[in-house]
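Predicted model, plus sequence, below.
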2 protein chains.
Amino acid sequence: MTEIKPKWSRRKEARPTEIVEAAMDVFAAQGFAPTKLDDIAKRAGIAKGTLYRYFDSKEELFRAVVRHGVAANLEEVEGAAVAARGNLGDLVPVLLMLAADRLGDGRIPALARMVVGESRAFPDLAIIWHDAVAGRLLSVLTTLVAQAQARGEVRPGDPGIHAFSIVGPFAAALLFREVFGAGSPHAPDLAAMARQHAETVLRGLEILPAERQREG
Amino acid sequence: MTEIKPKWSRRKEARPTEIVEAAMDVFAAQGFAPTKLDDIAKRAGIAKGTLYRYFDSKEELFRAVVRHGVAANLEEVEGAAVAARGNLGDLVPVLLMLAADRLGDGRIPALARMVVGESRAFPDLAIIWHDAVAGRLLSVLTTLVAQAQARGEVRPGDPGIHAFSIVGPFAAALLFREVFGAGSPHAPDLAAMARQHAETVLRGLEILPAERQREG
DNA sequence: GCATTAAATGACTTGAAAGTCATTTATCAG
DNA sequence: CTGATAAATGACTTTCAAGTCATTTAATGC
């Protein structure tokens, strides 16, 4: 009759990722400063003291969250980039559609917003994001643009700026939706924007894949 | 002989803007949460208690800073927009160059970064920024694009998305420089980007002002 | 079973900064 | 010059959450 119900269990292995997942949720929902470690602990189903067995401080936990959130969704994008080796006209629409699908909802844009907000307080966080996300993506794109220029397929000009012309509107749209909400009359639909902007910018760069596409 | 040196003077009229200016500097340099009201008071040359004669709380002071920073630099941009009435091919390069000049350095990008970062904690701030900056700019551009489409000068498609294609890279570049620093190898030069992207996107939208421009 | 260990707890301590208020003092009216 | 007013001060109080640690208890080995 007497039920055995232990008050807690030892989970040395599973705890860290559980905590980071919980922290990502709470940080994404509230931002860094307003988030209380008690909230994270409660969501992770543990006590605050337990947090300190795995992370030395709130800051370190935040860093872990950023690293964790960044790690996953990047190999895929980068993979698509090197897969479409060379052909910018093929890559750009695929890349933007993929990003629209993966990043449309979820916690990555929220993370990005937080990194932007906390970049002054935690410069190392900005470096992590730069090296793992923004810089990496821009590197790949810039290289591809330069190669296409060498083949005479893309107009001259700074390939780094061309890279911004390609992904800038998308990044801006992501942040716009994150900050002002999808309810704003100006918030663009990500999939539609991926399609339309890809066509616009490719035309602007003079690749003209339009010939071999179906009628609009 | 005995110098008269009053410890302070009464400046009921001048104080508010002085305080807001000081607060903008400190907030821009440190971010919202890390900024101490003592720091703002010291920079404004007053005591902390005096702040509370003019602003009820740190939050309200922050709101005042955003409103103040937003108010100034917008009429100009919007003026340029309505001045070049209709002609998108003329407006876009001018608009981007103007923005590069006005926003390149200064506290507006820092403010933008803060609004992004604090938008979760202060949703009303995001609304202010939306209505006074982002939404306003997008409205003007979207209208102009739609008019140009009606005249058959711009390709079909959602004019709001076209507006993002125009200003998105610039917004992204501003934030990129603000977050990752101008030292990043990917940080674009704003003036160069304004020139090159304007040409790219206008070509993409099929306005083609290139004919009446000098050789590259 | 029994002793050992370390994972987990949560009440407590600490520190820092927002916000208060009794006092001081510049300014002004008469 | 004098008293009244309110702008300005800064030491003090309050608040709140990060971080600590003595204690509890699940798990493990003998």
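Received the coordinates, thanks. Numbering: from 1, shown residues only, chains lettered A, B, ... in the order given.

CA atoms of the helix or strand of chain A with the lowest mean pLDDT as CSV?
Across the helices and strands of chain A, mean confidence by mean pLDDT, DSSP states H and E is lowest for helix A:75-83: a mean of 77. Written as CSV, here are the backbone C-alpha positions of helix A:75-83 (Å, rounded to 0.1, in the frame of the first residue of the first chain):
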residue,chain,number,x,y,z
GLU,A,75,25.4,22.4,-40.6
GLU,A,76,22.3,21.9,-42.6
VAL,A,77,22.3,25.3,-44.1
GLU,A,78,26.0,25.2,-44.7
GLY,A,79,25.6,21.7,-46.2
ALA,A,80,23.0,23.0,-48.7
ALA,A,81,25.4,25.8,-49.6
VAL,A,82,28.4,23.5,-50.5
ALA,A,83,26.0,21.0,-52.1
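
and it with chain B, contact?
No. Counting by C-beta under 8 Å from any C-beta of the partner chain, no contacts exist between helix A:75-83 and chain B, the nearest distance being 15.3 Å. Where you see a C-beta, it was placed from the backbone N, CA and C, and this is true even at glycine.

So which bits of the very next helix or strand once past that helix are buried?
Next helix or strand after helix A:75-83 toward the C-terminus (DSSP states H and E): helix A:88-103. Residues of helix A:88-103 classed as buried by neighbour count (16 or more other C-beta atoms under 10 Å in any protein chain shown): A:88-89, A:91-100, A:103.

What of stretch A:142-154?
For stretch A:142-154, the neighbour count (16+ other C-beta under 10 Å) marks A:142, A:144-145, A:147-149, A:153-154 as buried.

residues touching A:Met97, list them.
By C-beta atoms under 8 Å, 6 or more residues apart in numbering or on different chains, A:Met97 lies in contact with A:191, A:194-195, A:198.

could I get those as CSV with neighbour count?
What follows is the contacts of A:Met97, written out as CSV (neighbours: other C-beta atoms under 10 Å in any protein chain shown):
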residue, neighbour count
A:Ala191, 13
A:Ala194, 26
A:Arg195, 18
A:Ala198, 23
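
So which of those residues are in helices?
Within these, residues falling in helices by DSSP state H are A:191, A:194-195, A:198.

quick one: low-confidence ranges for chain A?
A:1-4, A:105, A:207-216 (pLDDT under 70).

is the longest helix anywhere in it anywhere near chain B?
In chain A, with assignment by DSSP H, the single longest helix is helix A:159-180. Yes. If you take C-beta under 8 Å from any C-beta as the test, helix A:159-180 does meet chain B, through A:160-165, A:167-173, A:175-176, A:178-180.

Please apply the same query to stretch A:27-45.
Yes. Under the criterion of C-beta under 8 Å from any C-beta, stretch A:27-45 makes contact with chain B via A:29-34.
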